Every structure is written in structure tokens, then in C-alpha cells.
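Participant: got a predicted model here, sequence first, then my questions.
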Amino acid sequence: MAVQLPHSFSERMKKLLGREYEAFSETYGEIPHTGIRVNTLKITADELQRISPYRMDPIPWCSTGFYTTEGARPGKHPYYHAGLYYIQEPSAMAPVELLGVLPGDRVLDLCAAPGGKSTQIAAKLQGQGMLISNDLHPERTKALAKNLELCGARNAVVLNESPERIAAAFPGFFDRILIDAPCSGEGMFRKDEDMVRQWDEHTPAKYAGMQREILRAAALALRPGGTLVYSTCTFSPEENEGSIAEFLAAYPQFSVVPAHGTGSFSPGLEPLPGTARLWPHKVKGEGHYIAVLRHNGKPEEESGEGAWPGSGGKSMPAMPLEERGGRNGEGGRTAISRKDKSTVGRGDSRNGRNGRTSSRNDGRGRSAAIASEGDILASYAEFAREQLGWQPDGFPVLFGEHLYLSPLPREALNGLRTVRPGWYIGHVRSGRFIPGHPLATALIPRESKRSLSLAGDGPEAVSYLKGETLSISEDGLMIAPGTSPKGYVLVCIDGYSAGWGKWQDGILKNEYPVGWRWT
Ligand SMILES: C[S@@+](CC[C@H](N)C(=O)[O-])C[C@H]1O[C@@H](n2cnc3c(N)ncnc32)[C@H](O)[C@@H]1O
């Protein structure tokens, strides 16, 4: 056995598994399975299979999930940088499949970093409805935000809050909630030996306490009729069936929805066989537990539940992106035509203490003027007209001179530690609008008046991702009729957006952000 398992863990697993223990323990000598999940915000599974340079074998419980083979190195391909897939442990793809997300839903991912399941939810939403992605640990929300940006999510908000405070701000608001709970991680021992080192026999009890608090908060935030999925990557009954049984006793309005997936999953332990276990000796994946719970209350119209704070009790309708003048750029309300020109203070992410300042210190003790709200929105409108030819919709939220389009009005986030209030569009510098990288990663080529496609298997794609300047003739650009070739260009890899460049006289200046570059 390659992984040295703690003695008390092995003893407990022997009791739990009986005759199956031998098969279970043998898996610790095997190489863990690896996978990718296709990002259907950008590409279909069929299309990625067609262009993929390496083998992709279907994962039975996730239609967009595929096993990769040893030596494939999917993180070292330009398609990864174009956000075409997320590298994810195969069993970890199961909980979101069971959450049943539909475009237009309001979804809360309470323990979301680094974002594997949030990016899966974003893909299922297809830009419609909203995703609120939260993690308690501030450092971890950075990777969460980056992964959501890489996948091109337009309707995601990233929070760094306690579940209790989110529930208080959004009572009965969400159609679906995922709790991918912090846990003792026993199911990951084969993949991550750090988990073995951090484990002792008291670890499960420590996590069980946290899990029960998170479940209680989720119960308040879910709307009647909504679905809650609870998952862990551990085997300990007290963190799995134990946490759920205690929750069901306290909240009788919830019941278990049988969760056997495609038949790949094993029943949960008594008293909850309707929940699911993924055992490493039975599936090609690591150990997981999943409970799908339904709130059996009737959804009530106009009850005030499901309203966002500051809405006067009115529920917010789900707004499909197309109706909002999104992808196809037709009609709908435009972001800046709204009266709601919100500002939240940058550097003070607990918004509501907002910064309508007109100057800032330039670092040398001098005061530098910053653009007013109206100037920023006007400069953005001009950019959208010139560069996109359409106007993405959403509620505009300003962090200083940085503009986001949010699926929620600013008031809904008041008092919450907000890492990203929505889709980052860009900022104003010296009166000019500088488009943000996440704007580019979420666009498709025809949504930008200037674009360029580099071959995924050619040297220029990697040069671009390394931050190098490229020589590109005017003929190499795709330009909308009547548009000057000079200016921002949406740089794509085999037709899938990766970032911005700025073209002039045959030279493409590289705008790919330093922190994202290929190393
Ligand atoms: C299993 S990991 C989540 C993995 C993530 N869902 C994914 O798919 O990438 C659990 C996460 O819960 C976070 N966490 C721990 N305690 C929390 C709490 N009380 N509320 C919210 N998040 C918490 C941890 O920081 C950690 O990122």
C-alpha cells in the first residue's frame, strides 16, 4: 500500500466495510483517477472531444466529465487558458449533477473555493439567473474568483462571508444551495497525503460541528420547494449520514431525494440509504458522500420570502440574458440607462460604506482626481459602442473606478464582504475605458467588433499566453464592417476567447494579465 493510513482510521474502516475492506485498502496502492470537465459556457462536450489533443473517456455520472489518461497534462495546453475545461477530480463532479441546476435559477454555493463546483454550476446556468459563490476564507476566494473569470461566468457574485450572514441577507431566496462542506477529507487520502497528516481521530467530530452550523444557515436561505445538496469527501458517518440525520430531525420540512445517480453510486449508511456514497473500490474516483434534500414547503408568491434586501418585499424575476439584451445585443434595458448607478468603496469590500470620493492619494502624498460615476459610465458606454456594438446587461456596480455588472442590485449586497459583485467589465484611466480581462474571457468572437484567432497548436498561441508582443497583419484580424482595425482585439485560440490585445500598424500589444501568464 503506497499511502500509510492512520491506524485508527483503518480500524474504523474495517468495522464499516467488513469483507469489503480488503478491496477498499487495495485502492491506496493505485494511481488516482484524473479528469476534466468541459466548460459548456464556451464549448460543447462533442466539440472538445473533436479537437482535444488527448484521449477523453466519459465519466458515467457527469455528461460533461471525462477521464484523462496518464501523461495528458491538460493544464499545459492553450485550451486550458481559453477556459475550455476545468481540471477536476471525477467524483467531485457528482454533487452538482445532482443539484439539478436549470438556466434562470438562483444558486448559492456556500463553501465554494477554489471553484470546481461553482464553475460547473455557472456552466449549467448558461448565463441566466445567478450564482452566489461564497467561501469563509479570504485567501481562498482569490482562486475562486479567478476560476469563475477563466470560465467566462457573467452572472456570478463572489462573497467572503459566514453562511449565517448570507442567510440573514437572503432569507428564502435561493432555488438551489450547494454545501460542499469542509470535512476531514478521508476520501482524499490517496490523492493528497497532506490530508493524512492533518487527520487524527478527533478530526471528524470537529468538522461535524461546523457542518451542522452551515446546514442550519442553508435551511434559512433556501426557498420553499428548493433543493439543497450536501456533499463531503470523507467516509466518517458522523460527518455524513450523522450530520444529515440531525438536520432532518431539526427541519422536518426537508426530506431526502434518492440520489443514486446513474446507478454508479452506493446507498448511504443506515438510517439514510437514499443518500449516496462513492467508494473508491466501486467507482473510478475518490471517496465522496452526497445527500440531496428537498424543502417540501410550497413556494409562495409575493410572501416577501425570496425577495432581495431593499426590494420592498418584491421577488426578483429571473432574467434570461437574451431578454436583457445580452449575447445577441438586441433590445432590453441597458446597464447605464438604469437610475441605479451604484457605487461601492474599493478597498473596503464590506460594501455599503461606500466611497463616492472624488480624489485619491497617488502614493506620493498628492491628491489625484478620480473619475465621477457619471464619467465612468459614459466612458464605458462609449467603449461598448465602439468595441462591442452592444451593451451587456446587469446592474452596474462601481468599486472606485472599476465597473462590474451584477445579477443583483447593489443594495442586495449591502453589508456583505463582496469579493466580486459580478462580471468585471473594466476601469477608467485618464478618461479612457480599459476593458477588464474577465470581460474578454466571457465573450464569444462575434460579440467583439475586432477579434483574432490563433491556432491552438501553433507557436503564436503560447507566445500570446506568455505575454509576448505579436506581429499580426491587418488581414489576420476579423473586423466588423465600418470598424477601424486599430484598437482592442479579442484574442481567441481556435475561436475561443482568451484575452485582449491592442492592435496598431501590424503589431499586437499584449494585454494578457501578468498573473495569468503561461510559465
Ligand atoms: C471542500 S472545500 C470546497 C471545494 C469547492 N466546493 C470546489 O469544488 O472547488 C470546503 C471549503 O469550505 C470553506 N469553509 C470552511 N468553513 C466554512 C464555513 N463555515 N463557511 C463557508 N465556507 C467554509 C473552506 O475554506 C473550503 O474552501
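Facilitator: Yes, it's here.

Participant: please name the nearest non-neighbouring residue to residue 432.
Facilitator: Among residues not flanking residue 432 along the chain, residue 379 sits closest, at 6.7 Å (CB to CB, 6 or more residues apart in numbering). Any C-beta I mention is one placed from the backbone N, CA and C, and that applies to glycine too.

Participant: give the residue spans of the stretch 251-400 of the chain that score low on pLDDT.
Facilitator: Residue ranges of the stretch 251-400 of the chain with pLDDT under 70: 261-262, 300-369.

Participant: mind listing the strands for it?
Facilitator: Assigned by DSSP state E, counting those that start in this stretch, the stretch 251-400 of the chain shows strands spanning 254-257, 266-267, 276-278, 288-295, 342-344, 359-361, 367-369, 395-399.

Participant: so which of the ones you listed gets nearest residue 30?
Facilitator: Among the strands of the stretch 251-400 of the chain, strand 276-278 comes nearest to residue 30, with 15.3 Å by CB to CB.

Participant: on that earlier part again, would you format the strands of the stretch 251-400 of the chain as a markdown table with distance to the ligand and mean neighbour count included?
Facilitator: Formatted as a markdown table, the strands of the stretch 251-400 of the chain follow (distance: least, CB to the nearest ligand atom, whole Å; neighbours: other CB atoms under 10 Å):
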| stretch | distance to the ligand | mean neighbour count |
| --- | --- | --- |
| strand 254-257 | 19 | 17 |
| strand 266-267 | 21 | 14 |
| strand 276-278 | 14 | 24 |
| strand 288-295 | 10 | 25 |
| strand 342-344 | 22 | 21 |
| strand 359-361 | 32 | 12 |
| strand 367-369 | 37 | 10 |
| strand 395-399 | 23 | 25 |
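
Participant: can you tell me the helix or strand for the closest residue to residue 100 other than its chain neighbours?
Facilitator: Counting by CB to CB, 6+ apart, residue 100 lies nearest to residue 227, which is 5.9 Å off, once chain neighbours are set aside. Taking DSSP states H and E as the criterion, residue 227 maps to strand 222-232.

Participant: chain center to that strand: distance?
Facilitator: Centroid separation between strand 222-232 and its chain, computed with CA atoms, centre = their mean, to the nearest Å, is 18 Å.

Participant: and that strand with strand 288-295, angle?
Facilitator: For strand 222-232 against strand 288-295, the angle between stretch directions is 170 degrees (axes from the mean of the first three to the mean of the last three CA atoms, to 10 degrees).

Participant: ok, strand 222-232 near the ligand or not?
Facilitator: No. Figure legend: strand 222-232 not in contact with the ligand (CB under 6 Å from any ligand atom); closest approach 7.5 Å.

Participant: just checking, next helix/strand downstream of that strand?
Facilitator: Where DSSP H and E defines the elements, the next helix or strand beyond strand 222-232 is helix 241-250.

Participant: now do that next one: everything it contacts.
Facilitator: 181, 208, 211-212, 215-216, 219, 230, 254-256, 268-272, 275, 289, 291, 293 (CB atoms under 8 Å, 6 or more residues apart in numbering).

Participant: now with 10 Å, please.
Facilitator: With contact meaning CB atoms under 10 Å, 6 or more residues apart in numbering, helix 241-250 is reached by 179, 181, 183, 204-205, 207-212, 214-216, 218-219, 228, 230, 232, 236-238, 254-256, 268-275, 277, 289, 291, 293.

Participant: buried ones among those?
Facilitator: For the contacts of helix 241-250, a burial check counting by 16 or more other CB atoms under 10 Å picks out 179, 181, 183, 204, 207-208, 210-212, 214-216, 218-219, 228, 230, 232, 236-238, 254, 256, 268-269, 272, 274-275, 277, 289, 291, 293.

Participant: surely the residue nearest to residue 100 and residue 295 touch.
Facilitator: Yes. Taking contacts as CB atoms under 10 Å, residue 227 lies within contact range of residue 295: 7.6 Å.

Participant: mind listing the shared neighbours of those two?
Facilitator: Listed as contacting both residue 227 and residue 295 by CB under 10 Å, 6+ apart are residue 177.

Participant: what parts of the stretch 51-200 of the chain come near the ligand?
Facilitator: Going by CB under 6 Å from any ligand atom, the residues of the stretch 51-200 of the chain near the ligand are 92, 110-117, 135-137, 140, 163, 180, 182.

Participant: switch to 5 Å and redo it
Facilitator: 111, 113, 114, 116, 117, 135, 136, 137, 140, 163, 180, 182 (CB under 5 Å from any ligand atom).

Participant: show me the two of these that sit farthest apart.
Facilitator: 116 and 163 (18.9 Å).

Participant: hang on, the earlier thing: just the buried ones from the residues of the stretch 51-200 of the chain next to the ligand?
Facilitator: 111, 113, 114, 116, 117, 135, 136, 140, 163, 180, 182.

Participant: surely residue 495 meets residue 78?
Facilitator: No. Checked against CB under 10 Å, the pair residue 495 and residue 78 is beyond contact range at 12.0 Å.

Participant: common neighbours of the two, please.
Facilitator: Shared contacts of residue 495 and residue 78 (CB under 10 Å, 6+ apart): 454, 456.

Participant: how far out from the middle of the chain is stretch 81-89?
Facilitator: Distance, centroid of stretch 81-89 to centroid of chain: 12 Å (CA atoms, centre = their mean).

Participant: in it, what counts as buried?
Facilitator: Those would be 81, 82, 83, 84, 85, 86, 88, 89, for stretch 81-89 by 16+ other CB under 10 Å.

Participant: helix or strand with the lowest mean pLDDT in this structure?
Facilitator: In the chain, no helix or strand scores lower on mean pLDDT, DSSP states H and E than strand 342-344, which sits at a mean of 33.

Participant: and the gap between residue 118 and residue 107?
Facilitator: Applying CB to CB, to the nearest Å, the value for residue 118 to residue 107 is 9 Å.
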